[in-house]
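# Mind looking at a prediction? Sequence and model below.
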Amino acid sequence: MKRRQLLLGAASLMASAALVTGCGSTPTATPAPTPVEDPSGNITFWSSMAGMDKVAEAFNASQDKIKVTFETIPNGGAGGYAKLSTAITAGNGPDVATIEYPQLPQFVSNGQLQPLDGYINKAETVDKLTDETKALVQFGEQTYALPYDAAPMIMWYRKDMLDKAGVSTPKTWQEFEEAGKKLKAVAPEAHLASFNPNEAALTAALSWQAGGKWFGTEGDSWKVGVNDEATRKVATYWQKLIDQKIVKVQQSFSDEWSADLASGAVVGVLGANWSATGIQKRTEASGQKGQWIAAEVPNWGTPADAFYGGSSFNITKSSKNPAAAAKFIEFLATSKEAISARGNTGSAFLAYPGLTPVAQKAFDASYFGNDIYEVFDKAYSTITPGWQWGPNWDITNTALKDAYGTLTSGGKVLDAVDTAQDATVAGLKQNGLSVKE
């Protein structure tokens, strides 16, 4: 019988647990290999992230023992993960890949990645990360990735429209609703933000911020809570904002969304640090320079935040030269030279200490009306601990987005999370996993 392995994020809960369903017993950690001090050889690197070709070139120029060949692949939503998974299964995947945090457990549980333990300098890499960031890349007692960015959820506002409504930057979700009502009073066609049905990960981040835990473990089973108490509170709240037309239901990154930001029909963006370039691109032609500001996301009474987005670097099971791959991954995730080489590709906020100032120097943030990196720092300091992603994000992501498809025709956010809960449990069970609700 095919065995499917569940590995639990190590930083916060039962770090040594590994759950198995079907036939078989709990596996032990793979012994770490003997470190290779001076690896050499050729390796391949696949990524959809802009500018990574320049980073590979910089690494090649920095030494003459390891040669990296770079290939751009589509992002996950455009089929990149399917291509990567197929290639690894066939044995011809890259040595190094870029995988976002929600998808990482799926690649780990499918046995498609190699642990980095024994290949990386743990004291100079993993040990310097925050516990919340470690939890994204450690499973069982092993490390399967080095994180690149640590993306705190951020609220972006048109400050001039807040001023017009006579409100200050909302600190709590109650103040956010009140600000939305006052905005409607002075600008009836304006919305304080959007609700994006194509961004299930944003619903997850909002739940995370509120103290929700969509995935955990109970005994030898996964515990699924996509509609847990915190998430139901979030869903009920956002439905109220939709009903009052304080927020507009629309696909993020769509033509409609872009047009509404440019025209002022939508004057806020619930996003992350990386949202800056998209906001500028969509609004600068409308003369909105200096009007947009970054702010910490409103909270439920106590400062709190969550990660929204972010990527990691991994050694795939296909790699025949994991030592060289690990050397390159260390460069990607911890080197100031790598950040400089990537250049002005966006408002990155990096996981490894000391790298964000390098990225900040490369990014021209003068379009915005406040110090956006100061806001990023504050938001990052309030990340809520205890979150872990489940063994197959594709199931939950697809189910929630599909359920959100009815929001503009009478559907409700709360019904959608209930539907996604049922679909997630059913899908994981169908995949052979032991699940409890």
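Looks like it arrived, so ask away.
# Tell me the secondary structure at the closest residue to S286 other than its chain neighbours.
Distance criterion Cβ to Cβ, 6 or more residues apart in numbering; nearest residue to S286, sequence neighbours excluded, is A262 at 4.6 Å. The C-beta positions use only the backbone N, C-alpha and C, and glycine is treated the same way. At A262, secondary structure determined by DSSP: H, G, I helix; E, B strand; the rest coil is helix.
# okay, A262: pLDDT?
A262 carries a pLDDT value of 98.
# Could you report the distance from the closest residue to G111 other than its chain neighbours to T98?
Of all residues not flanking G111 in the chain, K317 sits nearest, at 6.5 Å (Cβ to Cβ, 6+ apart). Going from K317 to T98 by Cβ to Cβ, to the nearest Å gives 16 Å.
# Comparing those two, which shows the higher neighbour count?
Counted by other Cβ atoms under 10 Å, K317 and T98 do not tie: T98 has more neighbours, with 23 against 16.
# you'd agree the more buried one is in a strand?
Yes. Counting by three-state DSSP, T98 is found in a strand.
# Disregarding residues adjacent in the polypeptide, which is nearest to it?
S47 is the one closest to T98 (Cβ to Cβ, 6+ apart), at 4.0 Å.
# So that neighbour versus P94, what's the distance?
S47 is 9 Å from P94, where distance means Cβ to Cβ.
# Over to K128?
Taking Cβ to Cβ, one finds K128 at 26 Å from P94.
# ok, back up a step: do I have it right that the residue nearest to T98 meets E100?
No. In this structure, S47 is not within contact of E100 by Cβ atoms under 8 Å, at 11.2 Å.
# out of those two, which sits in the busier spot?
S47 (25 against 22).
# does the more buried one have beta-bridge partners, and which?
Going by DSSP bridges, S47 is paired in beta bridges with T72.
# mind checking how far it is from S207?
In terms of Cβ to Cβ, S47 sits 29 Å off from S207.
# W393 too?
Distance, W393 to S207, by Cβ to Cβ: 14 Å.
# go on, L433?
Applying Cβ to Cβ, the value for L433 to S207 is 21 Å.
# If I look at G41, what pLDDT would I see?
97.
# That one: neighbouring residues, count only.
G41: 13 surrounding residues under other Cβ under 10 Å.
# show me what contacts it?
K65, I66, K67, N321, A324 (Cβ atoms under 8 Å, 6 or more residues apart in numbering).
# For it, give me phi and psi.
phi 120, psi -180 (degrees, to the nearest 10).
# Quick check: pLDDT value at A306.
98.
# Burial check on it, number of neighbours?
A306: 25 neighbours (other Cβ under 10 Å).
# Now it: closest residue in space, sequence neighbours ignored.
Nearest to A306 is W208, by Cβ to Cβ, 6+ apart, at 3.6 Å.
# Just the CA trace of the helix or strand where that neighbour lies, in CSV.
Using DSSP states H and E, W208 falls within helix 200-209. These are the backbone C-alpha positions of helix 200-209, laid out as CSV (Å, rounded to 0.1, in the frame of the first residue of the first chain):
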residue,chain,number,x,y,z
ALA,A,200,-7.4,32.1,-0.6
ALA,A,201,-4.0,32.6,1.0
LEU,A,202,-5.2,36.1,2.1
THR,A,203,-8.2,34.5,3.9
ALA,A,204,-5.7,32.2,5.6
ALA,A,205,-3.5,35.1,6.7
LEU,A,206,-6.5,36.9,8.1
SER,A,207,-7.5,33.8,10.1
TRP,A,208,-3.9,33.3,11.2
GLN,A,209,-3.8,36.9,12.5
